[in-house]
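Chemist: dropping the sequence and predicted coords here.
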Amino acid sequence: MRPAPGGSPLMAPQKEETATKARRQLLPDAGDAVLYPVVVADRTGTVVRVNRAAAALLADAAPGVGMARAVPAWLARAHAEAGARTAAPEPSAPRSSVRGKIGELGFEAHPTRHEDGSIAWWLVDDTDRRLAEEALATERRRTMFLAEASNVLLASLNAERCMQATARLAARHLADAAVVVTPPDGRQLLMTSAVAGREPVRTRITADPSAVPGLGEALQGFPPVPSRWIDPASLPDWMLPEDFPGDVGSVAVTPLPGHGVPAGALILLRAGGRAEFSESEEIFARLFAARAGAALSAARMYAEQNAITQTLMRDLLPPELHRTNGVEFAGGYRPAGTRERVGGDFYDLHPGGTDEESSLVVLGDVCGKGLDAAVLTGKIRNTVQALAPMAGDHERMLQLLNGALLTSHHTRFATLVLASVQREENQVRLRLTSAGHPAPLVVRNDGTVEEISTRGTLVGALPQIEARTVETCLQPGETCLLYTDGVTEARGGPLGDAMFGEERLTRALSGCAGLPGTAVVERVQMLASQWVGDGRHDDMAVVAITAPRTTHLSAVNGRTRGRYTA
Amino acid sequence: MSTRTTAPAAHATSHAGLGPLRERMWTAVTDGDEYAASAHVLSALDDGTDAESVLLDVIAPVQTRVGAEWAANRLGVAQEHAASAIAERVIAALAHHPSARVEPRLGRIAVACVDKEWHALPARLLAEVLSLRGWRVDFLGAQVPTPHLVAHLHHSGADAVALSSSLATRLPTAHAAITACQAVGVAVLAGGAAFGPDGRYARLLGADAWAPDARSAARRLAEGIPAPETAGGRAPTGDLPHLADQEYTYVAREQVPLVREVLAQLERRFPAMAGYTDHQRERTAEDIVHLLDHLAVALYVDDDALFTAFVTWTAGILTARDVPARSLRPALDALAAELQDFPRARRLLDHARHALDATLAPGGRTPGAPA
């Protein structure tokens, strides 16, 4: 929708009141037998007869006066055209009426032709119909605009985009320029301003909103304040959009009411020479502001909630693993729900203080899914971190962890596997302990896959637990894989209902001999994901511990820039 | 048989002087020597080689060659994974080089792969190229679930999304991702082999733009892609009227019963299958799944060429592995029998069978890479 030159298409007809007044004055004087004003004019365009109603309506209309003087131009033209058309008399030819305005009133003029060639113009007042039609058209345009504005505003939950959309729509449809001001954050004011037909501009300035009359109250949001007209002269320079055309004629400050929170204020500016806002335009601007405010506050609340979630989630997300103390670590995580980022599986790496100290890897699975399970993984991870210095004795560590879990009010239990990792020359020594967890698998360079025979009790369920630690050693290029049962218990496959199982995992791993840890993790994740297809699956976590293939140490640490953990 | 297609080629523009570097990279990558690979790249950068050229004229062509060598059965799947892992490390190393540090001065772009798309490398290369050209880039990685992508758009306010997919079977998912991004008013630039060599599927699925390679994608983004209209609300999938016949829905939903039925028919036709191990039987079933996946997506985009290209390409892959490619024919016949009430599926299967027969005919050309 583009504004018509010189005015917005959404501007209401403004002359309703004047029109009604004019008609009220006119009607009581029409005392003729014929209520309708009638003007008769001959072929030459001279008025022949005028009834009383017509005389009251048209001050200059009197017999002998030329039509051009007696009646408005639209009617004089219609008379001339009608005369020319019927130079060859055709009395029965249908005649079309014409419409036009006389003063503030609208009329429909119906011609009837006399035998002498003169034409009587019967003037029927259609002001009401015309006003109703115009009002209807205006309302339709407004309804459509509000519907479109709602679609645009509700499309994005991004506050910046909402502000831009609000400023752009308001500048185009309500005024010549618009400024959206957000509630101040400290002493800074964030404004998005738009001049009709141009891209919105965002500015952040240090300014006092109370410099603009009414802005402070509007920004408070509650209690709601009505729109306020302010003197354009009181508008500070920083509020005026840079490319505003000419002088400011009128300024309105409208609050943007949100979902019970202040969403900001909308300042509408019209150039000098443009009409001020009518009452109906003001109501309309308020309707728009209500929608914009709701969209803005939704976006802002979403952003706030998102920031809180991100902060709380940070410690629950699996860490990015990379080469540490001369050993390659790689991890992969896929939560059960596609909407989720965390779940009941977890892994962590606690690096040894020096290359001579062993690092501790823990990978586990809390019973349950989703955020509730993730919160418990957070507690377990914290406890394990605190116990990490005791990693020389896995069983003792698990007993302490078990005690801590039993005394907490959580009733869930967990399975996990601990791996103490120590680089020695080219090899990597491992001490592995499972607590009720699938046993780690080691991929040897010749393609054989060994299951490490560590067994133990799960933690958090029984007062006493046992666990057996097993030691092994990785030659350069060999990988030890820790995984959760989400991988092996994934259901799917070509026939839809089979478990991925340890056998398929083992077969897949034997094809991964000599691969970098990241490639092993990716391959396992990919096969499990393909196996599941579009079906449901549990959380899946995989960690690869790999002895680097060469002794060559490089600056490459495998960290990737800008990586987003999905 | 596998759904693996070759990595979408970034321009193999022969940069004078980069040939030897490419060869050294190829050797390092196929040896699985990531340190040598990184060292080659870093010393080239130290010598003043343009970082973008290293990405697109060295790393990308080497990956394309890996894909081609795999198709010809000269490289194993594992080596291919290793090559990708090494390329990832090399790109990470390159990104830390001082010559690759560029302050963002343009808008913000999200680069993501479609959900279940594991080939992240083309998207990764694009992300690095865009960073080098001054964009602020969020690389969301491989297999990004659409809800995550949309959530990212809401909180980042990205100007556009570059969406990558190399597997044709991900097109319906790509369609969902494209329309979801557009619903929040963010333009989508589609790229990758899945969208067809001329980008026809990108157009069909309503992407706002398409680019055949990273350089064109960067150019296209620099030109500016108008944001999709949100004022009118979006018409629901008016762009794919053929879906009204529900053939896609049926084939996609009834995949498991269809696989079982085709498998049963094959067993009746080939007594030898009775002697198959469970593993062999599973591989056969997987092959049928691949056929059905491609049939479904061909129904989705209503394109005979897509399914035919997959079948003839598979024939080439099988031939390279000394598996008789004519074993494909009975599977297609069984499918045609199962789907005889589905006119579009029949049309696609007939077309593919003719093309397969022509390929297998004596003197017929053995197909190489997929179209």
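Modeler: Arrived safely, thanks for sending.
Chemist: where do the strands sit along the stretch 151-300 of chain A?
Modeler: A:177-181, A:188-195, A:201-206, A:228-230, A:248-257, A:262-271 (DSSP state E, counting those that start in this stretch).
Chemist: return the most buried member of those strands.
Modeler: strand A:177-181 (a mean of 27; mean count of other CB atoms under 10 Å in any protein chain shown). From N, CA and C alone the C-beta is placed, and that goes for glycine too.
Chemist: tell me how far it lies from the chain's centre.
Modeler: Put simply, strand A:177-181 sits 19 Å off its chain's centre (CA atoms, centre = their mean, to the nearest Å).
Chemist: please see if that strand touches chain B.
Modeler: No. Judged by CB under 8 Å from any CB of the partner chain, strand A:177-181 makes no contact with chain B; its nearest approach is 15.1 Å.
Chemist: who are the packing partners of that strand?
Modeler: Other elements packing on strand A:177-181 under the criterion 3 or more CB pairs under 8 Å, 6 or more residues apart in numbering or on different chains; DSSP states H and E are helix A:159-173, strand A:188-195, strand A:262-271.
Chemist: contact partners for residue 207?
Modeler: In the absence of a named chain, this looks at chain A. The contact partners of residue A:207, taken as CB atoms under 8 Å, 6 or more residues apart in numbering or on different chains, are A:189, A:236, A:238.
Chemist: ah, no, chain B please
Modeler: For residue B:207, the contacting residues are B:163, B:178, B:188, B:189, B:190, B:195, by CB under 8 Å, 6+ apart.
Chemist: what does residue A:548 give?
Modeler: Contacts for residue A:548 (CB under 8 Å, 6+ apart) come out as A:323, A:326, A:327, A:328, A:476.
Chemist: cutoff 10 Å now
Modeler: Applying CB atoms under 10 Å, 6 or more residues apart in numbering or on different chains to residue A:548 gives the contacts A:323, A:326-328, A:423, A:426, A:428, A:474, A:476-477, A:516-517, A:554, B:34-35.
Chemist: can you select the buried ones from those residues in ChimeraX?
Modeler: To isolate the buried members of those in ChimeraX, using 16 or more other CB atoms under 10 Å in any protein chain shown:
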select /A:323,326,327,328,423,428,474,476,477,516,517,554 /B:34,35
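Chemist: from the contacts of residue A:548, which shows the smallest pLDDT?
Modeler: Lowest pLDDT among the contacts of residue A:548: residue A:554, with 41.
Chemist: circling back to that earlier point, closest to residue A:376 among the contacts of residue A:548?
Modeler: Comparing those against residue A:376 with CB to CB picks out residue A:517 as the nearest, at 27.7 Å.
Chemist: one step back: just tell me which of the helices and strands packed on strand A:177-181 ends up closest to chain B.
Modeler: Among the helices and strands packed on strand A:177-181, the nearest to chain B by CB to the nearest CB is helix A:159-173 (4.8 Å).
Chemist: anything in the closest one near chain B?
Modeler: Yes. Judged by CB under 10 Å from any CB of the partner chain, helix A:159-173 comes into contact with chain B at A:159, A:160, A:161, A:162, A:164, A:165, A:169.
Chemist: any chance of CSV for these, columns neighbour count?
Modeler: Compiled in CSV, the residues of helix A:159-173 next to chain B are given as follows (neighbours: other CB atoms under 10 Å in any protein chain shown):
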residue, neighbour count
A:159, 26
A:160, 16
A:161, 25
A:162, 29
A:164, 21
A:165, 27
A:169, 23
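Chemist: would a markdown table of the residues you listed with pLDDT be doable?
Modeler: Shown next, in a markdown table, are those (pLDDT from 0 to 100):
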| residue | pLDDT |
| --- | --- |
| A:159 | 90 |
| A:160 | 90 |
| A:161 | 90 |
| A:162 | 92 |
| A:164 | 92 |
| A:165 | 92 |
| A:169 | 92 |
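Chemist: and stretch A:434-452, what's its mean pLDDT?
Modeler: Here the average pLDDT along stretch A:434-452 is 95.
Chemist: just give me the residue closest to the centre of the chain.
Modeler: Going with chain A. With distances taken as CA atoms, centre = their mean, the residue of chain A nearest its centroid is residue A:156 (1.6 Å).
Chemist: who are the contact partners of that one?
Modeler: Contact partners of residue A:156, counting by CB under 10 Å, 6+ apart, are A:162, A:164-165, A:295, A:298-299, A:302, B:153-154, B:157, B:183-186, B:230.
Chemist: closest to residue B:311 among those?
Modeler: The shortest approach to residue B:311 among these belongs to residue B:183, at 35.3 Å (CB to CB).
Chemist: my read: residue A:549 touches residue B:86, true?
Modeler: No. The criterion here is CB atoms under 10 Å, and residue A:549 misses it with residue B:86 at 11.1 Å.
Chemist: which ones are touching residue 152?
Modeler: You didn't pick a chain, so chain A it is. By CB under 10 Å, 6+ apart, the neighbours of residue A:152 are A:161-162, A:164-166, A:168-169, A:291-292, A:295, B:185, B:229-232.
Chemist: that's the other chain; I wanted chain B
Modeler: For residue B:152, the contacting residues are A:564, A:566, B:110, B:112, B:138, B:140, B:144, B:158, B:161, B:181, by CB under 10 Å, 6+ apart.
Chemist: now the common contact residues for residue A:549 and residue B:86.
Modeler: A:516, B:31, B:32, B:33, B:34, B:35.
Chemist: max pairwise distance over these: which two?
Modeler: Pairwise across the shared contacts of residue A:549 and residue B:86, and taking CB to CB, the largest span is found between A:516 and B:31, at 12.3 Å.
Chemist: hang on, the earlier thing: who has more neighbours, residue A:549 and residue B:86?
Modeler: residue B:86 (29 against 21; other CB atoms under 10 Å in any protein chain shown).
Chemist: was I right to think the more buried one contacts residue B:27?
Modeler: No. The criterion here is CB under 10 Å, and residue B:86 misses it with residue B:27 at 11.7 Å.
Chemist: against chain B, how distant is the closest residue in space to residue A:340 that isn't next to it in sequence?
Modeler: Distances taken as CB to CB, 6 or more residues apart in numbering or on different chains place residue A:370 nearest to residue A:340, at 6.1 Å, with adjacent residues excluded. Counting by CB to the nearest CB, to the nearest Å, the gap from residue A:370 to chain B is 14 Å.
Chemist: now the strands for the stretch 51-200 of chain B?
Modeler: In the stretch 51-200 of chain B, the strands defined using DSSP E, counting those that start in this stretch lie at B:108-114, B:136-144, B:160-164, B:187-191.
Chemist: what are the phi and psi values at residue 223?
Modeler: This is for chain A. The phi/psi pair for residue A:223 (degrees, to the nearest 10) reads phi -70, psi 150.
Chemist: got a pLDDT number for it?
Modeler: Residue A:223 is assigned a pLDDT of 81 by the prediction.
Chemist: what is the burial count for it?
Modeler: Residue A:223 has 6 neighbouring residues, counting by other CB under 10 Å.
Chemist: could I get the contacting residues of residue A:48?
Modeler: Contacts of residue A:48 by CB under 10 Å, 6+ apart are A:39, A:40, A:41, A:42, A:63, A:64, A:114, A:116, A:118, A:119, A:120.
Chemist: how about the helices of the stretch 151-300 of chain B, start to end?
Modeler: Taking DSSP state H, counting those that start in this stretch, the helices of the stretch 151-300 of chain B run over residues B:171-183, B:200-204, B:214-223, B:247-253, B:255-269, B:278-301.
Chemist: could you dump those helices into TSV with mean pLDDT added?
Modeler: Shown next, in TSV, are those (pLDDT from 0 to 100):
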stretch	mean pLDDT
helix B:171-183	94
helix B:200-204	94
helix B:214-223	95
helix B:247-253	92
helix B:255-269	90
helix B:278-301	92
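Chemist: TSV for these, including mean neighbour count and distance to chain A?
Modeler: Converted to TSV, the helices of the stretch 151-300 of chain B look like this (neighbours: other CB atoms under 10 Å in any protein chain shown; distance: least, CB to the nearest CB, whole Å):
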stretch	mean neighbour count	distance to chain A
helix B:171-183	21	6
helix B:200-204	19	20
helix B:214-223	18	16
helix B:247-253	19	9
helix B:255-269	17	4
helix B:278-301	21	3
